[in-house]
Every structure is written in structure tokens, then in C-alpha cells.
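Chemist: What follows is a protein structure lacking sequence information:
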């Protein structure tokens, strides 16, 4: 067996570069482990049966992905293509089928199908598990590989296999195939309407780069129609940009109130984010509707308004995803998305869910529990609420949205 040797490691000490022979190198065990990695890399590269699977780039990328992916559910390695996808996604427009997902138990779990997209129209629901793409299992597949498989040229098709959780625990999961036609996906950040009793309703779909401006425009439009109270619907909102949640919170919080703060490994990772001295809507009564798929930026926003007693939170305990991540580009245009701190609400509640205890997320002021069947019916009926001109999703019967109705009831009792 041919194993190539690595004889020198370069170090930088006090700004001076020098090399030390490996045979004389007997210090920190970290570098000994790096030597082991290099040895394993050379063995696989020189001896693995399928040479096309043992090229330098794939092996190194897999090694980095494994290292970063084992840290927590949200840190990840991004290939150059995945990094480019991430940048396009935060801008709010990209090509694909319209599924936003997180990894759970080794599989991609749908957090939300983006409204008015192929996935949404095909009745793919939050909580669905994508177990195959074009017949290939997604178990332990890299996140960027899943994204790459789902995206493609508009008009082309992709077949995915869905496993849907049963209504009753103990029953078998329902497994079925769905063929989707890819399209240009434009993420609308908000939809809004006026309801009875001068109550405005704004659904925030995604905390992308445009949401604060779109949300502000919606507030002005509803105010012009004599809105007196407001429901903000954050159900199925996977989150997005921190700055978007802060900018939205500043519309309701004033007097430099705390919005959120972070604590990390070192003191430099402690940061406070506060409101301005004045806010455009400091006193309008607000109810925020959340569920178990409300995550990230939506939890930061709702937690800030809850702790400052600026809104009543209605629904289910939220997802529990609020870790501070930074995307660090690498020299070959790949990148590492790394968790460097965690978010805390103004009262000191950590948002990030603890995988061992299950604790985390934002606990609603008023809990409203619904069955799985009710959840799917309510989600399906949202098309009629937010896209009244689209006849394709209208239901024959009126679906009672108990959570939204409870929020409206609470606001009606506020003077």
C-alpha cells in the first residue's frame, strides 16, 4: 500500500513564519489529529475502488462538512454553489419548487412551502419529511446537495417522495410520490387584509431583505383604512435575516427597549440590539399568532414584543431555532456557516431549543392546541385568505381557524 508522507507543517508564531520537521514535532495533539486526517485522506485517495468518488475536492469538502455538521443542526459547510444559492435566497428570488426545510433526524423536514409555488399548490405541508429525491434517499444527505437536487431550470420536473406523519400516534406514516415542475420562485414577504372591527391582518411569510419595507407599506395601507388593532401571523415562518426582525420590532418598541441580545463563547460575542427612542406604532394593540414552525427571526420578533408586553402571543410553542450564525467565505468561494452565539429574549429566555430537554422557543401567552388534521386544513385554507383571486386552492367548506379567531377575540376585548 502506498502512503505518501507529509514532512512539514507551517506555523505562524508572533507574526514569524517557520517550518518544523514532523519527526521533531511533539506538541499540541491537535496537529497530530490533523496528521491522522491527512493520512486517511491519502489512503482513500490512492486506494478506494471508485476513483471518481475519491477526487481531492470531494474528499476535502466531505471532511469539512462532517466536521462542521457534527457541531449542531445549523452549522454547515457550503460548497461554492451552495454559498451562491444562499446569497440568492436572502435576496428573495431563486429557481426551484418552493420548499424551505430544516434537517431533523437525518432527513429534510419541510418547514413551509412558500405560498403560491409548485410545492404549495401540490399540497406539500409543513412537517412532511422528504425521504427521496428522484429515487435517491435523502438520509444524511448534505444540505446543499438537497438544495441542488430540488433546484434546476424552470419548466423541468423533479420527483420527490414524501413521508407524512399520521394523525394518530402509532399509525404508519403515509408515503407517496409527488412530481413538481420547477419555476422561478419569488418570495413574497408579506400579505395583508382588513378584517371586521377595524382589525388588520398581516401575514409575514419570510424575513428576507425586503420584509421591513413591505411590512411598513402594509401598515401604512391598513392605517389608511382606519385600522385600530393588528394581528401579525407568523405561522409557518422559517425566519431569515436578523436585521429584518429588528427593523420590524422597532416599529412597535420605543424608548431604547431591548429587542434581543446574544451571548457566545467570548465577551466579543455579547451584543445588544435595542429599539430607537421613538416608534411609528408604539401603542396600537397587537396579537401575534405563532405555531411550532415559527422559527428564527420570527421567534426573535415575537419574543421581543412579548417580553416588552407589547403584544399578546397566541398559538403553540415555537420551533426553537435562534442561534447566531456567521457565514465565513473560504478561499475557493465555498463558505462555513458557523454558530457563534445564541439569542436571548429581553427577559433572558434562551430561544434555541435544547436537544436533550426539548426546552426552547417562545411560549405563547395564550396557548391554542389543534389536531394534525385541523392544522393541515387551516394551512390549506390560507390560500383563500391571502390569495383570494386564485381559485385553485379554494375549499368547498369554510375552515375554522381557531388560533386566528382567538387572537381576534383577544383584540376585541382590548380597549
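Modeler: Yes, it's here. Model, not experiment: these values are computed from the prediction. Residues are numbered from 1 along each chain as shown.
Chemist: Pretty sure residue 238 sits against residue 112.
Modeler: Yes: applying Cβ atoms under 8 Å as the test, residue 238 and residue 112 come out as touching, 5.7 Å apart. Quick note: C-beta positions are derived from backbone N, CA and C, even for glycine.
Chemist: overlap in contacts of those two?
Modeler: The overlap between the contact sets of residue 238 and residue 112 (Cβ atoms under 8 Å, 6 or more residues apart in numbering) consists of 100, 293.
Chemist: quick one: the helices in the stretch 251-400 of the chain?
Modeler: For the stretch 251-400 of the chain, the helices defined by DSSP state H, counting those that start in this stretch occupy 297-307, 372-386.
Chemist: Give the other helices and strands that the first one contacts.
Modeler: Put plainly, it is helix 297-307. Packed against helix 297-307 by the contact rule (3 or more Cβ pairs under 8 Å, 6 or more residues apart in numbering; DSSP states H and E) you find helix 242-249, strand 258-264, strand 286-290, strand 312-315.
Chemist: Next, format these as JSON lines and append mean neighbour count.
Modeler: Written out in JSON lines, the entries for those read as follows (neighbours: other Cβ atoms under 10 Å):
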{"stretch": "helix 242-249", "mean neighbour count": "22"}
{"stretch": "strand 258-264", "mean neighbour count": "20"}
{"stretch": "strand 286-290", "mean neighbour count": "26"}
{"stretch": "strand 312-315", "mean neighbour count": "25"}
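Chemist: Of all the ones you listed, which one comes closest to residue 61?
Modeler: Closest approach to residue 61 among those (Cβ to Cβ): strand 258-264, 26.6 Å.
Chemist: Leaving out chain neighbours, which residue sits closest to the residue positioned nearest the centre of the chain?
Modeler: Here the mean C-alpha position of the chain is nearest to the C-alpha of residue 238 (Cα atoms, centre = their mean), at a distance of 4.3 Å. When the adjacent residues along the chain are set aside, residue 238 lies closest to residue 111, with 4.3 Å between them (Cβ to Cβ, 6 or more residues apart in numbering).
Chemist: Out of the helices and strands packed on helix 297-307, flag the one nearest residue 327.
Modeler: Ranking the helices and strands packed on helix 297-307 by proximity to residue 327 (Cβ to Cβ) places helix 242-249 first, at 12.3 Å.
Chemist: and the closest one with helix 297-307, angle?
Modeler: Comparing the axes of helix 242-249 and helix 297-307 via axes from the mean of the first three to the mean of the last three Cα atoms, to 10 degrees yields an angle of 30 degrees.
Chemist: neighbouring contacts of helix 242-249?
Modeler: Residues from elsewhere that reach helix 242-249, judged by Cβ under 8 Å, 6+ apart: 204, 207-209, 211-212, 215, 239, 259-260, 273, 275, 297-298, 300-301, 304-305, 324.
Chemist: one more time with 7 Å, if that's ok
Modeler: 207-208, 211-212, 215, 259, 273, 275, 297, 300-301, 304-305 (Cβ atoms under 7 Å, 6 or more residues apart in numbering).
Chemist: how about those, which pair is most distant?
Modeler: Between all members of these, the longest pairwise span (Cβ to Cβ) is found for 208 and 275 and amounts to 21.6 Å.
Chemist: still on that earlier bit, buried deepest among the helices of the stretch 251-400 of the chain, which one?
Modeler: Highest mean neighbour count among those (mean count of other Cβ atoms under 10 Å): helix 297-307, with a mean of 27.
Chemist: Which residues does it contact?
Modeler: Helix 297-307 is touched from outside by 204, 207, 234, 237, 239-242, 244-245, 248-249, 252-253, 259-260, 286, 288, 290, 311, 313, 318-319, 322, 343, 345-347, 349, 351, 361-362, 365, with contacts defined as Cβ under 7 Å, 6+ apart.
Chemist: mind redoing it with 6 Å?
Modeler: Residues external to helix 297-307 that are found in contact with it (Cβ atoms under 6 Å, 6 or more residues apart in numbering): 207, 234, 237, 239-240, 244-245, 248-249, 259-260, 288, 290, 311, 313, 318, 322, 343, 345-347, 351, 362.
Chemist: returning to what we had before: will you turn the helices and strands packed on helix 297-307 into a markdown table that also has mean pLDDT and distance to residue 38?
Modeler: Conversion of these to a markdown table gives the following (pLDDT from 0 to 100; distance: least, Cβ to Cβ, whole Å):
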| stretch | mean pLDDT | distance to residue 38 |
| --- | --- | --- |
| helix 242-249 | 96 | 38 |
| strand 258-264 | 95 | 31 |
| strand 286-290 | 98 | 48 |
| strand 312-315 | 98 | 51 |
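Chemist: For residue 222, which of the ones you listed is the nearest?
Modeler: The stretch from the helices and strands packed on helix 297-307 with the least distance to residue 222 (Cβ to Cβ) is strand 286-290; that distance is 12.3 Å.
Chemist: Which residues does that closest one contact?
Modeler: So strand 286-290 is in contact with 230-235, 302, 311-315, 318, 403-404, 407, 410-411, going by Cβ under 6 Å, 6+ apart.
Chemist: Please repeat the previous calculation with a cut-off of 7 Å.
Modeler: If you take Cβ under 7 Å, 6+ apart as the criterion, strand 286-290 is touched by 230-235, 252, 302, 305, 310-316, 318, 362, 364, 403-404, 407, 410-411.
Chemist: Any stretches of this structure with poor pLDDT?
Modeler: Counting by pLDDT under 70, the low-confidence segments of the chain come to 1-28, 88-94, 383-398.
Chemist: in which helix or strand would I find residue 404?
Modeler: Take DSSP states H and E as the rule and residue 404 turns out to sit in helix 402-412.
Chemist: Could you check the angle the helix or strand harbouring residue 220 makes with helix 242-249?
Modeler: For residue 220, the host element (DSSP H and E) is helix 211-224. With the same axes, to 10 degrees as the basis, helix 211-224 and helix 242-249 are set at 20 degrees to each other.
Chemist: ok, the residue nearest to residue 272 when sequence neighbours are not counted to residue 362 distance?
Modeler: Nearest-residue entry for residue 272: residue 261, 4.6 Å, with adjacent residues in sequence omitted and distances by Cβ to Cβ, 6+ apart. Distance, residue 261 to residue 362, by Cβ to Cβ, to the nearest Å: 15 Å.
Chemist: picking that back up, show me just the buried residues among the contacts of strand 286-290.
Modeler: If you count burial by 16 or more other Cβ atoms under 10 Å, the buried members of the contacts of strand 286-290 come out as 230-235, 252, 302, 305, 310-316, 318, 362, 364, 403-404, 407, 410-411.
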